[in-house]
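Asker: predicted model and sequence follow; I will ask about them next.
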Amino acid sequence: MLGTDILMSRALRYVLDQHSVAPKTYAMMPTNLRDQLESLVYDIAEDMRYNQLKYFRPFDHQFEFFKTGDSDRRGILAANRIGKTVSTCYETAMHLTGQYPDWWEGHRYKQPITCMVAGEGWSQVALVLQNELLGTQDVKMEQNLGTGAIPRDCINTETMRNDGANSIGVEVKHITGGYSYLLFANYTQEVRQLQGFKLNLAVFDEQPPDPFFSEVVTRTATTQGKVLCSFTPLKGLNGLVSKFWNKESGYEFIRVAWDDVPEYDPWGHPFLLHETRQQLERDYLPHEREARIAGKPVMGKGAVFQIRDWPIYRTGDYDFGSMPTIKRVIALDLGLVNDQTVISLMYWEPYEKMAFLHKQIIVQGIEEAVPTQYINHLLRPEVFGTPIVLPADASQQGRYTMSANSIRELFESYELNVYEKAIMNPPDQNGKVTNHKSYGINQMRQMLEVGSLVINENCVDFLSDAQNYYVDTQGRFSDPDDTIDSCRYALLACLQGIAEDWDYRTPQERMAMQRDLYYQRKEIRNNNPLKNTYDPAQ
């Protein structure tokens with residue numbers, strides 16, 4: 001609830017602007033004219049007290065956020081104290097009431113809606129969301145109801161469901177004559193309590209847990225509902241934040257830093273003064289400053305790849321076929337049922353020590369248990385003949401093949417260029433060879449940091465997994481990691497000289513070579529007295 005002094009100051013500014021009167025002119029007005037103007041100011045201040053929505057004046061960055069209204073998932077990744085929650089709450093009030101200002105360019109609901117707003121806990125919901133929307137942290141203080149974003153005349157107090165000082169739900173009158181319904185929720189609720197109803201709009205204040213977000217957005221599926229999010233990304237580049245930051249399909253956001261916000265609000269009142277910013281910057285912990293000041297995701301504790309700007313390239317940026325020293329290798333991280341197989345193609349420039357993760361193919365579902373499904377990818381003319389490295393368990397008979405052969409033997413029967421040994425770490429100073437994951441991960445991390453390992457933008461699963469990759473206090477790496485392990489094997493092969501030169505054959509030449517090999521094998525079989533011997537490549 002705004003204090004009387006602020007209300008009167010805003011009302012005066014509103015009246016002066018409406019009548020195109022400059023403050024200096026107002027100060028010099030005759031007494032009778034000033035009295036008439038002040039009487040109007042009192043009326044506006046009283047109307048403003050319980051009808052904030054009518055007089056809402058956004059910052060420029062809030063205008064920009066409202067313009068993203070066509071997207072289904074919209075977010076503000078923002079610094080502290082820039083009005084991000086105000087943005088989502090006032091937009092929520094517009095959708096609930098149907099009262100849109102003339103300047104509104106965003107999405108419009110033409111009928112009453114059902115909306116849920118959620119925050120980190122009941123106390124936080126009351127302190128922030130309930131206070132911003134209804135005007136009070138304690139709904140038992142009825143005289144304050146309506147001093148928030150939702151006008152008092154639109155709040156149907158007879159329908160309000162409360163839990164002590166907290167509102168659970170309330171009807172909000174829509175301009176069509178019907179009623180919208182506003183629900184309050186918090187992230188500590190059990191997910192099962194969120195099932196069985198439909199939503200037109202879901203609003204999240206600060207980052208929700210993934211299961212909570214998934215369940216709530218499911219409620220919007222059959223209504224083609226919208227999602228609004230506002231957070232200072234203090235929990236790192238993971239979960240919902242990563243979807244916005246990586247611009248996944250359907251997700252649109254604006255990032256707002258202190259530099260994007262003026263010191264004074266649109267009413268001319270002090271908002272976030274320079275000296276206040278300087279003091280807050282000194283108060284914040286060093287690792288939090290980018291998130292709290294610039295709206296950039298903080299690098300979370302335990303994050304493996306603490307990289308702000310990932311080294312990414314596009315297909316066509318490099319003409320690998322014209323590079324005289326380029327080498328290449330294929331690596332597989334093998335999976336069984338419900339555990340995907342990932343095939344990585346990596347190019348390697350040994351003189352510059354540059355690695356390019358060019359493509360990843362993910363085989364999943366039923367196909368991952370059928371090796372021929374991904375062997376077909378390795379027989380393609382454009383990659384046939386490229387050396388292939390496999391993990392240690394690829395030599396175990398019956399594993400991955402569901403037969404007497406190992407996956408290595410099966411690959412070799414198809415004339416694939418399989419490296420003779422399992423891909424391992426290089427020998428340590430004592431000559432010991434291990435397969436400890438941490439060595440390869442550290443190599444990846446160091447090369448990503450300096451930009452000597454670059455990732456094709458099409459490797460979206462790798463980028464998503466890597467940006468959400470963590471190690472706990474016991475040194476255990478998080479899941480999923482199949483795309484990361486496949487890349488790690490390929491990089492180890494490059495660093496140990498296993499990658500081979502590009503053969504500079506065209507796909508047509510490789511196909512002809514494969515056809516010649518086929519006829520040679522067929523001739524050998526025809527001359528073999530044991531014609532009934534099973535050959536899986538036949």
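Answerer: Perfect, I can see it now. All figures in this text were calculated on a predicted structure; none of them were measured in a lab.

Asker: now stretch 334-351: how far from the chain's centre is it?
Answerer: With CA atoms, centre = their mean, to the nearest Å as the basis, the distance from the averaged C-alpha position of stretch 334-351 to the chain average is 24 Å.

Asker: now stretch 283-290
Answerer: Centroid separation between stretch 283-290 and its chain, computed with CA atoms, centre = their mean, is 22 Å.

Asker: now do the buried residues in that stretch.
Answerer: Within stretch 283-290, the residues scored as buried using 16 or more other CB atoms under 10 Å are R289, E290. To be clear about C-beta, it is placed using only N, CA and C from the backbone, and glycine gets the same treatment.

Asker: what does it rub up against?
Answerer: The contact list for stretch 283-290 (CB atoms under 8 Å, 6 or more residues apart in numbering) reads L234, E281, R292, I293, K296, V298, M299.

Asker: please apply the same query to stretch 406-422.
Answerer: Applying CB under 8 Å, 6+ apart, the external contacts of stretch 406-422 come out as 334, 371, 375, 378-379, 384-392, 394-401, 403, 405, 435, 493, 498, 500, 514, 517, 535-537.

Asker: out of the contacts of stretch 283-290, which are buried?
Answerer: Those of those that meet the buried threshold are L234, R292, I293, K296, V298, M299, by 16+ other CB under 10 Å.

Asker: now those residues as TSV including distance to I150 and pLDDT?
Answerer: Below are the buried ones among the contacts of stretch 283-290 laid out as TSV (distance: CB to CB, whole Å; pLDDT from 0 to 100):
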residue	distance to I150	pLDDT
L234	29	82
R292	29	91
I293	31	94
K296	33	85
V298	33	70
M299	38	63
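
Asker: inside helices: which ones of the residues you listed?
Answerer: For these, membership in helices holds for R292, I293, with DSSP state H as the criterion.

Asker: need the contact list for Q195.
Answerer: For Q195, the set of contacting residues under the criterion of CB under 8 Å, 6+ apart consists of E215.

Asker: tell me how far it lies from Q189.
Answerer: Applying CB to CB, to the nearest Å, the value for Q195 to Q189 is 11 Å.

Asker: so which residues of the stretch 351-500 of the chain form strands?
Answerer: Using DSSP state E, counting those that start in this stretch, the strands assigned to the stretch 351-500 of the chain run over residues 354-363, 388-389, 453-456, 500-501.

Asker: the ones you listed: which one's closest to M444?
Answerer: M444 sits nearest to strand 453-456 of all the strands of the stretch 351-500 of the chain, at 6.2 Å, using CB to CB.

Asker: could you say what helices and strands the closest one packs with?
Answerer: When contacts are defined as 3 or more CB pairs under 8 Å, 6 or more residues apart in numbering; DSSP states H and E, strand 453-456 sits against strand 312-313, strand 354-363.

Asker: and the pLDDT for Y469?
Answerer: As summarised for this prediction, Y469 has a pLDDT of 83.

Asker: so what's the residue count around G295?
Answerer: Neighbour count for G295, taken as other CB atoms under 10 Å: 24.

Asker: quick check: the farthest pair among the buried ones among the contacts of stretch 283-290?
Answerer: Maximum pairwise distance in these, criterion CB to CB, is 14.7 Å, between I293 and M299.

Asker: in the chain, where is pLDDT below threshold?
Answerer: By pLDDT under 70, the low-scoring segments of the chain are 191-192, 286-287, 299-302, 337-338, 365-369, 402-403, 472-473, 503-511, 513-538.

Asker: so L345: helix, strand or coil?
Answerer: Under DSSP: H, G, I helix; E, B strand; the rest coil, L345 falls in the strand class.

Asker: what sits against it?
Answerer: R328, V329, I330, H358, K359, Q360, V383, T386, A490.

Asker: what does A466 give?
Answerer: Taking CB under 8 Å, 6+ apart as the definition of contact, the neighbours of A466 are V304, F305, T483, I484.

Asker: would TSV of these with neighbour count be doable?
Answerer: TSV is the format used below for these (neighbours: other CB atoms under 10 Å):
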residue	neighbour count
V304	20
F305	20
T483	24
I484	26
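
Asker: in helices only, show me the residues you listed.
Answerer: Here DSSP H is the test, and these give T483, I484 as lying in helices.

Asker: dump the contacts of A466 to CSV, plus distance to T31.
Answerer: Output for these, formatted as CSV (distance: CB to CB, whole Å):
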residue, distance to T31
V304, 72
F305, 70
T483, 77
I484, 77
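
Asker: nearest to N442 among the contacts of A466?
Answerer: For those, the minimum distance to N442 (CB to CB) is 9.2 Å, reached by V304.

Asker: show residues contacting the strand or helix carrying L77.
Answerer: Here L77 sits within strand 73-78, counting by DSSP states H and E. Under the contact criterion CB under 8 Å, 6+ apart, strand 73-78 has outside partners 65, 68, 84, 87-88, 226-233, 240-241, 243-245, 250-257, 295-297.

Asker: select only the buried ones of those residues in PyMOL?
Answerer: Selecting the buried subset of those in PyMOL, with 16+ other CB under 10 Å as the burial test, is done by:
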select buried, resi 65+68+84+87+88+226+227+228+229+230+231+232+233+240+241+243+244+245+251+252+253+254+255+256+257+295+296+297
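
Asker: could you list which of the contacts of strand 73-78 belong to helices?
Answerer: Of those, the ones assigned to helices by DSSP H are F65, K84, S87, T88, L240, V241, K243, F244, W245.

Asker: as JSON lines, the residues you listed with distance to I423 would be great.
Answerer: Rendered in JSON lines, the data for those read as follows (distance: CB to CB, whole Å):
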{"residue": "F65", "distance to I423": "48"}
{"residue": "K84", "distance to I423": "47"}
{"residue": "S87", "distance to I423": "50"}
{"residue": "T88", "distance to I423": "49"}
{"residue": "L240", "distance to I423": "35"}
{"residue": "V241", "distance to I423": "34"}
{"residue": "K243", "distance to I423": "33"}
{"residue": "F244", "distance to I423": "36"}
{"residue": "W245", "distance to I423": "32"}
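
Asker: just these now: which is nearest R277?
Answerer: Among the ones in helices among the contacts of strand 73-78, K84 lies closest to R277 (CB to CB), at 16.2 Å.

Asker: who's in contact with that closest one?
Answerer: So K84 contacts I76, A78, S230, F231, T232, V256 (CB under 8 Å, 6+ apart).

Asker: just to revisit the earlier point, ok, which pair from the contacts of stretch 283-290 is furthest apart?
Answerer: Distance extremes for the contacts of stretch 283-290: the farthest pair is E281 and M299 at 18.2 Å, using CB to CB.

Asker: picking that back up, how about the strand holding L77 as PDB, C-alpha atoms only?
Answerer: Coordinates of each C-alpha in strand 73-78 appear next as PDB, following Å, rounded to 0.1, in the frame of the first residue of the first chain:
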ATOM      1  CA  ARG A  73       6.900 -18.700 -22.000                       C
ATOM      2  CA  ARG A  74       8.100 -15.300 -21.100                       C
ATOM      3  CA  GLY A  75      10.600 -14.200 -18.500                       C
ATOM      4  CA  ILE A  76      12.500 -11.400 -16.900                       C
ATOM      5  CA  LEU A  77      16.100 -12.300 -15.900                       C
ATOM      6  CA  ALA A  78      16.900  -9.300 -13.900                       C
END
